[in-house]
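Undergrad: just the structure for this:
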Amino acid sequence: MAIESRASTGWKRAVHVSYLLSFLGDVSVGLVSFAISLYTDILTTAAGMSAAEKSFWVGIVSMGYGVTYCWAPFLLGRLSDRIGRKKAIIIGMTGFALVNLFTILFATHPFHLFLSYAACAFFFAFFFPVLGAFMSETSEPLGQATHARVLSRFMIAWSIGLASGPLLGGIYSAIFNYLVAFAFLMCLAGVIACVAYFYILGPADLARLLEKERSARATERPEMKPMIQGKSRRNVVFTKLAVFILPLVFAFDNQIMFTIFPAYGVQYLSTTTSLFFPGFDLALVTGIITFGLGIGRTATFYHTGRLEPATKLKFMLGAPAGMAVAMFIIFAVPNPDVLLFACAAYGAFSGYTFAIGMILTMELTSTEKGTKAGAYEAAVGIGILFSGLLSSIVGVFNSALPFLLAFVVAAITSAILLASFAWQKHESGTR
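TA: A predicted model of the protein is given here:
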């Protein structure tokens with residue numbers, strides 16, 4: 001960390017502002033996901049829908065984010081490589097504010113919430129891959145270890161934000177009107193746009209700063225090299241498979257926890273015999289449980305940035321299996337006290353899954369970071385899309401089945417990664 005302590009004020013400011021934007025952006029995503037899920041339950045109840053119809057619409061609405069996010073991050077991340085990070089973030093936040101205005105004024109049916117959630121995903125595709133690329137670009141001059149640690153802190157910031165969003169949603173629902181959350185999100189979008197306008201460096205300024213940092217540390221930093229350089233063919237295949245499959249399983253299971261679980265919690269959990277939540281408002285309980293998930297994920301984001309490559313590999317192979325076990329407990333024991341610990345454990349294992357995949361992606365190449373980060377986020381979008389689609393189908397039969405589905409997907413992912421690792425190790429052992 002000595003190199004990092006000698007970094008220039010300009011570099012530190014750029015990185016710290018990115019941490020702030022990462023936090024605020026995921027407060028927005030966590031809150032809008034939670035609020036839309038609760039609003040879906042409210043609208044379906046007001047329409048007199050049956051339990052099966054409610055589960056169907058909760059799944060359909062949750063699918064809205066994935067419908068857009070499976071393709072938009074790649075295209076908009078690529079576009080940000082050309083127009084600059086600042087302009088992309090401002091465009092994204094302006095659009096996000098307008099989406100929340102639409103939700104407040106015009107959303108009267110769950111399908112309107114589906115459209116709102118899909119539009120949110122489009123505009124955040126102009127935010128997360130852009131910010132991730134900016135973080136990678138500004139940390140590369142300090143070497144691979146610092147690059148991993150900066151990305152780890154970037155993910156810690158968004159993890160805390162994503163955990164705080166549902167907690168805010170529970171508070172808003174318990175104390176105020178549910179529409180207050182969407183008004184708050186409009187204000188938050190304006191704050192993010194202003195911070196980006198004043199503090200995110202434009203392409204020319206960023207290039208000058210990076211050149212200055214590279215020159216100052218030319219003799220003291222290790223070069224960033226593509227991680228697959230010099231590796232065997234099977235190892236390259238294994239690495240690329242991991243980069244693709246890790247965000248898929250993370251997004252698939254996470255979407256169930258952030259957009260299915262809130263509505264499930266307020267409908268079916270009970271605090272009558274709860275040790276930790278006696279008589280609590282159910283919306284607040286689900287918000288607290290989801291916050292616990294975020295705390296677990298944040299802890300492992302911090303830990304991932306300090307892992308050696310060989311240790312990263314062990315956690316990468318084991319984390320999906322841990323997700324599967326935690327998800328099975330969530331499915332089998334719908335008790336708020338048990339869920340508090342099971343969700344925290346799930347958050348920890350899912351944190352390793354996402355963080356290791358993201359770091360691998362950013363280390364694959366040193367060019368077109370927006371495109372690479374966009375491709376990773378698009379894989380997240382694919383997971384979200386299929387999570388919502390399949391949840392809307394199985395949820396009709398039993399509202400708890402999406403959690404069993406999440407267990408199955410995580411277990412299959414673990415098996416695929418272990419089999420692929422054994423396959424590439426066999427080649428390495430025969431060379």
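Undergrad: low-scoring stretches of this structure, by residue?
TA: Residues of the chain that meet the criterion pLDDT under 70 lie in 1-8, 140-145, 210, 213-214, 216-231, 363-370, 372, 427-431.
Undergrad: can you give me the buried ones in the longest helix along it?
TA: Looking only at the chain and at elements set by DSSP state H, the helix with the highest residue count is helix 9-46. Taking 16 or more other C-beta atoms under 10 Å as the basis for neighbour counts, the residues of helix 9-46 that come out buried are 10-11, 14-15, 17-19, 21-41, 43-44. All C-beta atoms are positioned from the backbone trio N, CA, C, and that covers glycine.
Undergrad: do the same with stretch 105-123
TA: When burial is assessed from 16+ other C-beta under 10 Å, stretch 105-123 yields the following buried residues: 107, 110, 112-123.
Undergrad: among these, which two are most distant?
TA: Checking these against each other with C-beta to C-beta, the farthest-apart pair comes out as P110 and F123, at 20.6 Å.
Undergrad: what is the neighbour count of E377?
TA: Residues near E377, counting by other C-beta atoms under 10 Å, number 28.
Undergrad: ok, now how distant is it from G265?
TA: When C-beta to C-beta, to the nearest Å is applied, the distance between E377 and G265 equals 27 Å.
Undergrad: cool, and P278?
TA: If you go by C-beta to C-beta, the gap between P278 and G265 works out to 16 Å.
Undergrad: with neighbour numbers in mind, choose between these two.
TA: Neighbours were tallied for P278 and for G265 using other C-beta under 10 Å; the higher tally belongs to G265 (24 against 9).
Undergrad: where does that one fall, secondary structure wise?
TA: G265 belongs to helix 261-268 when elements are defined using DSSP states H and E.
Undergrad: list every C-alpha atom in that helix, with coordinates, as CSV.
TA: Taking C-alpha atoms only, helix 261-268 is exported to CSV below (Å, rounded to 0.1, in the frame of the first residue of the first chain):
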residue,chain,number,x,y,z
PHE,A,261,-38.1,-11.8,-1.6
PRO,A,262,-39.5,-8.4,-0.5
ALA,A,263,-43.0,-9.3,-1.9
TYR,A,264,-42.7,-12.9,-0.6
GLY,A,265,-41.7,-11.5,2.9
VAL,A,266,-44.6,-9.2,3.3
GLN,A,267,-47.1,-11.8,2.2
TYR,A,268,-45.9,-15.0,4.0
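Undergrad: quick check: angle from that helix to helix 9-46?
TA: Relative orientation of helix 261-268 with respect to helix 9-46: 30 degrees, computed using axes from the mean of the first three to the mean of the last three C-alpha atoms, to 10 degrees.
Undergrad: show me what helix 261-268 is packed up against.
TA: Using 3 or more C-beta pairs under 8 Å, 6 or more residues apart in numbering; DSSP states H and E, the elements in contact with helix 261-268 are helix 9-46, helix 51-69, helix 282-304.
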